[in-house]
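[1] Fold the following.
(chains A and B)
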Amino acid sequence: MLDPHLFRSDLEFVQTQLKRRGCDFDADFYTDIENRRKAIQVKTQELQNERNLSSKAIGQAKAKGEDVQPLLDQVQGLGEQLKAAATELGDIQAQMQSLMEGLPNLLDATVPEGNDEDDNIEISRWGEVPEFDFEIKDHVDLGAMHKGMDFETGAKITGARFVVLRSNIARLQRAIIQFMLDTHTDEHGYSETYVPYIVNADSLYGTGQLPKFADDLFKVSEDPDLYLIPTAEVPVTNIVRNEIVAADEMPLRMVSHTPCFRSEAGAYGKDVRGLIRQHQFEKVELVQVVKASESEQAHEDLTEHAENILKKLKLSYRKVLLCSGDTGFSSTKTYDLEVWLPGQEAYREISSCSNFKDFQARRLKARWRNPETGKPELVHTINGSGLAAGRALVAIMENYQTAAGDIVIPEVLQPYMGGMKVIKAT
RNA sequence: GGAGAGGUGGCUGAGUGGCCGAAAGCGGCGGUCUUGAAAACCGUUGAGGGUUUAUCCCCUCCCAGGGUUCGAAUCCCUGCCUCUCCGCCA
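    Numbering: from 1, shown residues only, chains lettered A, B, ... in the order given. Coordinates of the predicted model:
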């Protein structure tokens, strides 16, 4: 949610900034609601004040043993007026709320203009794109060859976009996860965090998935409304919901491995083959909760932490700055890391690192106490995948394949594979 | 699943329908004292919002949502959560 004060002080700025993301904000409509809100709120509070004073007077008169009937007659009808005013105020506030919560975050000044992923800007590339002197296979064929990746059985058990992994391929995914968790905790200063995989609606509202993106979620319960997490971002970030974090605990750096569940509504034609786009996948997520003054640096750092995993795995990747049209609803600025997939001869997203500034914090009521002022201030939240484990598995299988169909295990993963160096095809 | 107890400020914990945004203690902050520190003593110390240049003033909040009342932390209803005992269980 955006800062309401900004709307009152510089509506034009808000409007032009929202236009950057193709959001047509009706300033007149807003102004109308805001003016009505102001008027009815003042009126309601005046009535409340009147009621409070009268009630106090009645209490005092009663204590003295005086006749309170005249006073009671005086407040006759006040209750009705108040109720009407309060109802009207509630309606207007609800209107204002739904207007505000539907608005995306304002973009950082450094975000390039553009409509879709074609307008994203490549910041850097790392590593050599591997060249093969044989006919390569993609991960689906390799997975089948190794009897380690079985989409048919996944479809039988559940449906499309589910998979069964077996033996060394399953183990390789687990090794990737373990390696990533260890690297982030031991080298990057994150605290390992285990969280629920089912969350309530308040949590999803806090991070911005609800109310707008309910279609992308799997709902597992009505009353109470509960959902499977689409990313660990949701439970981990919600740790600070309704909290005032002590200054000496800042910044918070948390890393969490969870499965992620996405209905992928609106992606029916995309990536139907293989492991790239599943309803259930494993991911290691990095979350930082920081002071406003530190968030831009923290965003750069967090992105580097994710990049570091790709470097250690010796996977070629590029870093992309998302353009205005491709940046997510809650984000001010997002870097995507795209890993080279030989099977697709393309760079594909394996991490997305975003700075939400105070947008989530305002929804979450997540604050920290600034010792300089003694006052609570909204935190800034930053998160990124570090990395998507399923896609990392795909990348390793495809980049490390041999002519015989073996999969060479990256050196850093070998300790997690019991010292194994190669997964043999036979 | 069965039975009971309870949710109050950063924490512990009192609270008779009006004088309660809330005793007391701890903690925090400021001061006195001290070369400095500790102790002691004194003072101060919740959040959000409205109006305002600002101060003042006002409103809301004692788990959440409804209700009763001129007036609710306090009474009533619903929900959520926590704890204890029993049962079951990885």
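
[2] Give me the secondary structure label for residue A:147.
    Secondary structure, DSSP: H, G, I helix; E, B strand; the rest coil: residue A:147 is coil.

[3] Show the contacting residues for it.
    Contact partners of residue A:147, counting by Cβ atoms under 8 Å, 6 or more residues apart in numbering, are A:166, A:167. The way it works is simple: take the backbone N, C-alpha and C, and place the C-beta from them, glycine included.

[4] all helices of the stretch 251-400 of chain A, in order?
    Using DSSP state H, counting those that start in this stretch, the helices of the stretch 251-400 of chain A run over A:295-312, A:359-364, A:389-399.

[5] Please apply the same query to the stretch 101-250 of chain A.
    For the stretch 101-250 of chain A, the helices defined by DSSP H, counting those that start in this stretch cover A:139-145, A:151-157, A:167-186, A:201-207, A:233-237.

[6] now, of the ones you listed, which is deepest in the fold?
    helix A:233-237 (a mean of 26; mean count of other Cβ atoms under 10 Å).

[7] any idea how far that helix is from the chain center?
    7 Å (Cα atoms, centre = their mean, to the nearest Å).

[8] got it, and stretch A:232-244?
    The chain centre lies 11 Å from the centre of stretch A:232-244; the measure is Cα atoms, centre = their mean.

[9] now stretch A:76-90
    In terms of Cα atoms, centre = their mean, the centre of stretch A:76-90 is set 40 Å apart from its chain centre.

[10] same deal with stretch A:70-77?
    Centroid separation for stretch A:70-77 versus its chain: 54 Å, with Cα atoms, centre = their mean.

[11] How about stretch A:385-400?
    Stretch A:385-400 has its C-alpha centroid displaced from the chain centroid by 21 Å (Cα atoms, centre = their mean).

[12] and that stretch, C-alpha only, in CSV?
    What follows is stretch A:385-400, C-alpha atoms only, in CSV (Å, rounded to 0.1, in the frame of the first residue of the first chain):
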residue,chain,number,x,y,z
SER,A,385,15.0,-16.5,-4.7
GLY,A,386,18.3,-17.9,-3.8
LEU,A,387,17.5,-19.9,-5.9
ALA,A,388,14.6,-21.8,-7.3
ALA,A,389,15.7,-25.4,-6.7
GLY,A,390,13.7,-27.1,-9.5
ARG,A,391,15.1,-24.8,-12.1
ALA,A,392,18.6,-25.1,-10.7
LEU,A,393,18.2,-28.8,-11.1
VAL,A,394,17.2,-28.3,-14.7
ALA,A,395,20.2,-26.0,-15.3
ILE,A,396,22.7,-28.4,-13.8
MET,A,397,21.3,-31.4,-15.7
GLU,A,398,21.4,-29.6,-19.0
ASN,A,399,24.7,-27.7,-18.5
TYR,A,400,26.6,-30.6,-17.0
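
[13] What residues of that stretch count as buried?
    Within stretch A:385-400, the residues scored as buried using 16 or more other Cβ atoms under 10 Å are A:385-400.

[14] So which of those sits lowest on pLDDT?
    Least confident by pLDDT among the buried residues of stretch A:385-400: that is residue A:386, with 91.

[15] what residues are up against it?
    By Cβ under 8 Å, 6+ apart, residue A:386 lies in contact with A:180, A:184, A:255, A:284, A:285, A:286, A:302, A:305, A:306, A:309, A:351.

[16] let's go with 6 Å and repeat that
    Residues in contact with residue A:386 (Cβ atoms under 6 Å, 6 or more residues apart in numbering) are A:284, A:286, A:305, A:306.

[17] Please read off the pLDDT at the closest residue to the third one other than its chain neighbours from the model.
    Translated: residue A:305. Ranked by Cβ to Cβ, 6 or more residues apart in numbering and with sequence neighbours excluded, the top spatial neighbour of residue A:305 is residue A:188, at 4.5 Å. Here the pLDDT value assigned to residue A:188 is 97.

[18] One more: residue A:266?
    You'll see residue A:266 listed with a pLDDT of 69.

[19] What number of neighbouring residues does residue A:200 come out with?
    Other residues near residue A:200 come to 15 when the count uses other Cβ atoms under 10 Å.

[20] How about residue A:227?
    Other residues within reach of residue A:227, judged by other Cβ under 10 Å, total 23.

[21] contacting residues for it?
    Under the criterion of Cβ under 6 Å, 6+ apart, the neighbours of residue A:227 are A:199, A:217, A:219.

[22] Now the buried members of these.
    A:199, A:217.

[23] Relative to residue A:279, which of the contacts of residue A:227 is nearest.
    Closest to residue A:279 out of those is residue A:217 (11.1 Å), distances taken as Cβ to Cβ.

[24] Against residue A:388, how distant is the closest one?
    Using Cβ to Cβ, to the nearest Å, residue A:217 is found at 18 Å from residue A:388.

[25] can you check residue A:68 too?
    70 Å.

[26] what's the answer for residue A:203, then?
    For residue A:203, the distance to residue A:388 - Cβ to Cβ - is 21 Å.

[27] And for residue A:426?
    29 Å.

[28] returning to what we had before: and the contacts of residue A:227, which is closest to RNA strand B?
    residue A:199 (12.2 Å; Cβ to the nearest atom of the strand).

[29] Contact partners for that closest one?
    Contacts of residue A:199 (Cβ under 6 Å, 6+ apart): A:227, A:229, A:234, A:235.

[30] now for those, which pair is the farthest apart?
    Longest distance between any two of those is 10.8 Å, between A:227 and A:235; criterion Cβ to Cβ.

[31] Quick one: the helices of the stretch 101-250 of chain A as CSV, columns for distance to RNA strand B too.
    Formatted as CSV, the helices of the stretch 101-250 of chain A follow (distance: least, Cβ to the nearest atom of the strand, whole Å):
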stretch, distance to RNA strand B
helix A:139-145, 30
helix A:151-157, 22
helix A:167-186, 19
helix A:201-207, 10
helix A:233-237, 15
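
[32] Same list (the ones you listed) but as TSV, adding distance to residue A:5.
    Converted to TSV, those look like this (distance: least, Cβ to Cβ, whole Å):
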stretch	distance to residue A:5
helix A:139-145	50
helix A:151-157	50
helix A:167-186	36
helix A:201-207	20
helix A:233-237	23
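
[33] and the stretch 151-300 of chain A, which of its residues are near RNA strand B?
    Counting by Cβ under 7 Å from any atom of the strand, the residues of the stretch 151-300 of chain A close to RNA strand B are A:224, A:244.
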